[in-house]
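>>> Below are the sequence and a predicted model for it; my questions follow.
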Amino acid sequence: MIKHIAALVVLCTISQARVTADEVDVFKSGIVVSPAPTRNFSLQACFDKADQENKEIVSARWNLAISQGAIKSASAFPNPQFNLQTGFGPSFVQLYTGQTQLVGATEQFLTAGKRAKRIALARANYSLTELQLEALRFDVHNRVRRAYAELAAAEAYEDLVESQRDVALKLLSVAQRRFDAGKASKSEVLQAKLNMSQFDTQRNQAQGRLQQASCALSLIMGEKPDHVEVIDVDDNGIFKLSAETSEIVPSPNHSLPHLAKLITTAFDARPDLIVADQQVFANRKAITLARAQRIPDLFVGSGYTFSTFAKTQPGALVAQPQWLGNGVQITVNAENPILYQHQGEIQQALGTMHLSERKLDFAKSTAATQVVTGFNEVSVARANIFLFQKNLLPTASDVARLARRAYEVGQTDLATAILAQQQYQQTLSSYFDSVVAYQNAWADLEKAVGLPLNPNQP
């Protein structure tokens with residue numbers, strides 16, 4: 001308990017949270033009191049907030065701008081190169097033949113449709129980036145759902161502890177009345193009081209779990225937690241005994257979809273499989289571009305050539321007209337693919353494509369395995385919930401109630417009543433664990449299938 005309080009104090013110090021005098025007194029008294037909920041979120045509101053503010057999603061959106069820039073680069077025509085050949089001095093004006101000078105430009109002409117192939121590759125990579133962003137959004141949404149469910153579980157756990165404490169308080173009231181009537185000893189009252197006081201530590205654990213779950217949900221939504229708070233959620237009805245409509249997970253009373261249909265849906269809708277398939281498509285475009293590199297590009301140049309002479313040439317040299325040697329030239333240059341025909345680039349592109357195909361096959365096998373495993377986990381958790389709701393919990397409740405009544409009328413001792421109460425509490429805790437397991441199993445199944453499963457559909 002001391003370590004737990006110290007951890008909370010350190011957390012508040014690091015986050016520069018303000019601790020009031022009342023909170024200090026609470027720490028000294030050994031009872032942790034959670035602050036009142038300041039905000040309330042529905043699951044959809046958490047999704048929307050994460051889409052706008054989650055740090056991973058915000059960062060990943062810049063990949064779209066990068067990919068868009070790659071498309072512009074691939075679409076651009078090569079810039080012409082300016083050529084100038086001139087000079088100064090006697091050799092340029094006092095030679096009979098003159099020095100050839102030129103002004104011109106050279107342009108690269110892409111052959112074999114390289115520009116169109118580069119654009120196709122860049123667009124394929126842009127589509128890949130979009131799909132990767134959607135896959136990240138789905139993953140973040142799945143984590144938001146888990147964090148939201150954990151917060152709902154923390155709220156329900158706090159209610160569970162309070163309900164268990166109320167049962168212990170009833171037993172203490174019975175022991176006190178029997179003591180006042182002279183039918184029980186003081187030790188029985190103390191024993192019943194100790195039994196109730198044991199829930200104080202569970203209260204602290206429940207409240208600490210509530211605060212930690214609120215902090216985790218705040219972080220995944222894109223916030224920067226800087227103080228201890230409790231976020232209220234709209235939905236924790238799944239933890240009740242009756243069949244409740246829940247936006248977190250469907251009621252256990254709803255039948256599960258067919259396994260074969262879930263596997264087929266996963267192959268069509270799972271984001272990581274869609275990304276892997278798009279990666280294969282992009283790699284095929286890269287092979288097409290690599291093969292086009294074997295066709296040499298042409299560098300076509302044109303220019304104006306001229307010579308200059310001095311008006312008076314020394315010695316026997318005769319001055320020539322300024323226009324002598326003037327003219328237009330055209331040059332064509334191309335690579336000669338004799339020693340190397342870009343076999344290495346083609347081989348790399350082929351290897352990359354085959355690797356991506358194998359990764360896609362492995363991802364499909366993994367997806368099918370995860371769907372089967374998730375389906376089995378949901379089925380087991382759902383079956384356990386039915387057992388608790390229809391048999392174990394009603395029986396344990398009746399046993400605890402009858403044992404308390406028997407102790408009240410003097411038919412049994414306090415130890416028997418406490419034992420029955422503890423069995424009921426243990427059954428409630430086990431039911432709570434089964435519901436939490438059902439929530440987690442449903443989140444795993446949804447992630448394995450690759451799309452949100454409508455909780456309101458049978």
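Thanks, I have the structure now. Numbering: from 1, shown residues only.
>>> If I look at the most centrally placed residue in the chain, what pLDDT would I see?
Closest to where the C-alpha atoms of the chain average out (C-alpha atoms, centre = their mean) is Val140, at 3.1 Å. You'll see Val140 listed with a pLDDT of 95.
>>> Look up how far Pro452 lies from it.
13 Å (C-beta to C-beta, to the nearest Å). The way it works is simple: take the backbone N, C-alpha and C, and place the C-beta from them, glycine included.
>>> buried residues in the helix or strand containing Lys193?
Counting by DSSP states H and E, the element that carries Lys193 is helix 186-197. Within helix 186-197, the residues that qualify as buried are Glu188, Val189, Gln191, Ala192, Lys193, Asn195, Met196, counting by 16 or more other C-beta atoms under 10 Å.
>>> Reformat the residues you listed as a markdown table; add pLDDT and distance to Gln44.
Formatted as a markdown table, the buried residues of helix 186-197 follow (pLDDT from 0 to 100; distance: C-beta to C-beta, whole Å):
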| residue | pLDDT | distance to Gln44 |
| --- | --- | --- |
| Glu188 | 86 | 52 |
| Val189 | 88 | 51 |
| Gln191 | 88 | 49 |
| Ala192 | 87 | 46 |
| Lys193 | 89 | 46 |
| Asn195 | 85 | 43 |
| Met196 | 86 | 40 |
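>>> want to try JSON lines for those residues, with distance to Ile220 as columns?
Listed next are these as JSON lines, based on distance: C-beta to C-beta, whole Å:
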{"residue": "Glu188", "distance to Ile220": "49"}
{"residue": "Val189", "distance to Ile220": "48"}
{"residue": "Gln191", "distance to Ile220": "45"}
{"residue": "Ala192", "distance to Ile220": "43"}
{"residue": "Lys193", "distance to Ile220": "42"}
{"residue": "Asn195", "distance to Ile220": "39"}
{"residue": "Met196", "distance to Ile220": "37"}
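>>> Surely Lys193 and Leu171 touch.
No - in this structure, Lys193 is not within contact of Leu171 by C-beta atoms under 8 Å, at 9.8 Å.
>>> from the chain's centre, how far out does the longest helix along the chain sit?
Using DSSP state H, we find that the single longest helix of the chain is helix 114-180. Put simply, helix 114-180 sits 13 Å off its chain's centre (C-alpha atoms, centre = their mean, to the nearest Å).
>>> Could you list every helix and strand that that helix packs against?
Here helix 114-180 touches helix 43-53, helix 55-75, helix 186-197, helix 199-220, strand 231-233, helix 271-292, helix 393-408, helix 414-449, going by 3 or more C-beta pairs under 8 Å, 6 or more residues apart in numbering; DSSP states H and E.
>>> Just the angle for that helix relative to helix 186-197, thanks.
170 degrees (axes from the mean of the first three to the mean of the last three C-alpha atoms, to 10 degrees).
>>> for the stretch 351-458 of the chain, what are the low-confidence residue spans?
454-458 (pLDDT under 70).
>>> Show the model's pLDDT score for the residue lying closest to Gly87 once chain neighbours are set aside.
Excluding the flanking residues, the one nearest Gly87 by C-beta to C-beta, 6 or more residues apart in numbering is Gln99, at 6.8 Å. Gln99 carries a pLDDT score of 73 in this model.
>>> burial of Gln99, as a residue count?
19 (other C-beta atoms under 10 Å).
>>> ok, now the one 10 residues further on?
The burial count assigned to Phe109 is 14, neighbours taken as other C-beta under 10 Å.
>>> Could you give the bridge partners of it?
Beta bridges link Phe109 to Leu298 when assigned by DSSP bridges.
>>> List the contacts of it.
Taking C-beta atoms under 8 Å, 6 or more residues apart in numbering, we find Phe109 in contact with Asp297, Leu298, Phe299, Val300.
>>> close enough to count as contact, the second one and Ala334?
Yes - the pair Leu298 / Ala334 is scored as a contact, 5.3 Å apart, by C-beta under 8 Å.
>>> thinking again about what came up before, so which of the buried residues of helix 186-197 is the closest to Glu155?
Proximity of the buried residues of helix 186-197 to Glu155 (C-beta to C-beta) peaks at Met196, which lies at 22.2 Å.
>>> What is the burial count for the residue lying closest to the closest one once chain neighbours are set aside?
Distance criterion C-beta to C-beta, 6+ apart; nearest residue to Met196, sequence neighbours excluded, is Ala168 at 3.9 Å. By other C-beta under 10 Å, 21 other residues sit near Ala168.
>>> could you point out where this protein is predicted with low confidence?
1-37, 91-98, 235-247, 309-325, 454-458.
>>> hmm, try it at 50
Scanning the chain with the threshold set as pLDDT under 50 gives 1-29, 242-243, 323, 456-458.
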